[in-house]
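Student: give the three-dimensional model of this entry:
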Amino acid sequence: MAQHSTIHRTTIEQRPTMTQDTCPPVASNHPLVSIGLPVYNGQKYLRVAIDSVLAQSFEDFELIISDNGSTDATQEICQSYADRDRRIRYIRQPQNRGAGFNYNFVFHEARGQYFKWLAHDDYFAPDNLKASVEALNANPALVLAYTHHIDVDENGSEIRTVCRTKGQGDKISDRLWDLMEGRYTCEEVFGLIRRSVLGRTPLIADYTDSDRTLLGEIALYGKFAEVRQPLFYHRIHAESSVRQNPVFRQRAVWFNPKLRGRLILSAWRQFFQMLRAILTAPMAIGDRVSCYWQALRWFKWRWRWMFKELFWELWDYARH
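Tutor: Predicted coordinates:
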């Protein structure tokens, strides 16, 4: 598997540099795919992420970059790409309003039938979009297509290849449990999603692990498609949000700076959002009852952590 990362980096680095004599790609007002790239101070890895999008074999896309008021060279990097490729829309926010706002902002700007997030420190293999679009086009009942992924370090060296099957059960309640159980990381949230389905959810909420809740809610609307190729590169490094914010309360503030000093209760909010999603998603009564049973199962599994979280947050809040 070590060849995948090498091939991808070579493809990006050898992509021809656009000159004034080169016609830029034609931008469509109605692209099939919208890619949202939220970024804050991402100069170290940003070029690799953008280059991986522009190197895609599937070209009917728009790339929406939202800069959360970066203070490094992010603005100059993004503007230089937007100036030479009409498929890129670069928007700079006046200040850092948190990752949750930025992730949701790029979705609201999207015009495509399909939508996909890309973190500034991750990147795609050249056939990522092509394989994902083909999977969703082949079956209108599928709501999200994800590929296997490769974890890489800060230099792009491969750590491991991750292959797993998620969200493909025939029963809605089985899919809900499959996505809500906490024994997997949530890279599937970077899959290709039907915008019509994603728009019916609250998107990324401002509490830790809300991406898992979002995946569970999407699964209420249909099955996921598994593309059995490692076409997504997830970077693990010391400056990532998870490493910089190892405590749930810290990470929630990364999602929304206004939460600093407030009660957050991520696990409780996750539970109640799950209940709301089950109530509002279209399904038969029997399926709804089964989903609520799974929610109670989730509560039974997590109750010790939830009450521990409640105690420590109340204690911390009272002290400050």
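Student: render the CA-only coordinates of the helix or strand where Ile159 lies in PDB, please.
Tutor: Secondary structure assignment for Ile159, by DSSP states H and E: strand 158-162. These are the backbone C-alpha positions of strand 158-162, laid out as PDB (Å, rounded to 0.1, in the frame of the first residue of the first chain):
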ATOM      1  CA  GLU A 158       1.900   6.400   5.400                       C
ATOM      2  CA  ILE A 159       1.100   5.100   8.900                       C
ATOM      3  CA  ARG A 160      -1.800   2.700   8.100                       C
ATOM      4  CA  THR A 161      -4.500   1.900   5.700                       C
ATOM      5  CA  VAL A 162      -8.000   1.900   7.200                       C
END
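Student: please name the bridge partners of the nearest residue to Cys78 once chain neighbours are set aside.
Tutor: Nearest in space to Cys78, with sequence neighbours left out and distances taken as CB to CB, 6 or more residues apart in numbering, is Tyr90 at 4.5 Å. Every residue, glycine included, has its C-beta placed from N, CA and C. Assessed by DSSP bridges, Tyr90 has beta-bridge partners Ile65.
Student: doesn't Glu62 make contact with Tyr90?
Tutor: No: in this structure, Tyr90 sits apart from Glu62 without contact. The criterion is CB atoms under 8 Å, and the distance is 11.5 Å.
Student: which one of these two has more residues nearby?
Tutor: Glu62 (23 against 20; other CB atoms under 10 Å).
Student: and the strand holding Ile159, average pLDDT?
Tutor: Per-residue pLDDT values across strand 158-162 average out to 96.
Student: adjacent strands (with direction) for it?
Tutor: Applying DSSP bridges, strand 158-162 is found paired with strand 144-152 (antiparallel).
Student: who does the biggest strand by length in the chain touch, helix- and strand-wise?
Tutor: Ranked by residue count, the top strand of the chain under DSSP state E comes out as strand 224-235. Other helices and strands packing on strand 224-235, by 3 or more CB pairs under 8 Å, 6 or more residues apart in numbering; DSSP states H and E, are helix 2-13, strand 123-124, helix 128-138, strand 144-152, strand 158-162.
Student: least confident secondary structure element in the protein?
Tutor: Per-element confidence for the chain was summarised using mean pLDDT, DSSP states H and E. The lowest value among helices and strands belongs to helix 2-13, with a mean of 35.
Student: what about the strands in the stretch 1-150 of the chain?
Tutor: Secondary structure of the stretch 1-150 of the chain (DSSP state E, counting those that start in this stretch): strands at 33-39, 61-67, 88-92, 114-117, 123-124, 144-152.
Student: the shortest one pairs with which strands?
Tutor: This points to strand 123-124. strand 224-235 (antiparallel).
Student: got the angle between the strand it pairs with and helix 128-138?
Tutor: An angle of 170 degrees separates the directions of strand 224-235 and helix 128-138 when computed by axes from the mean of the first three to the mean of the last three CA atoms, to 10 degrees.
Student: going forward, the N-terminal residue is numbered 28.
Tutor: Happy to do that; since the first residue is 28 now, the last one works out to strand 251-262.
Student: and the next element down the chain from strand 251-262?
Tutor: The helix or strand immediately downstream of strand 251-262 is helix 268-271, counting by DSSP H and E.
Student: which SSE is immediately downstream of that following helix?
Tutor: helix 275-282.
Student: so what does that next one touch, helix or strand wise?
Tutor: For helix 275-282, the packing partners by 3+ CB pairs under 8 Å, 6+ apart come out as helix 126-135, helix 268-271, helix 293-307, helix 312-346.
Student: closest to Val316 out of the strands of the stretch 28-177 of the chain?
Tutor: With CB to CB, the closest approach to Val316 among those belongs to strand 171-179: 24.6 Å.
Student: distance between the closest one and the chain's centre?
Tutor: 11 Å (CA atoms, centre = their mean, to the nearest Å).
Student: stretch 108-117 now?
Tutor: Shown here is stretch 108-117, whose average C-alpha point lies 22 Å from the average C-alpha point of the whole chain (CA atoms, centre = their mean).
Student: done for today, thanks.
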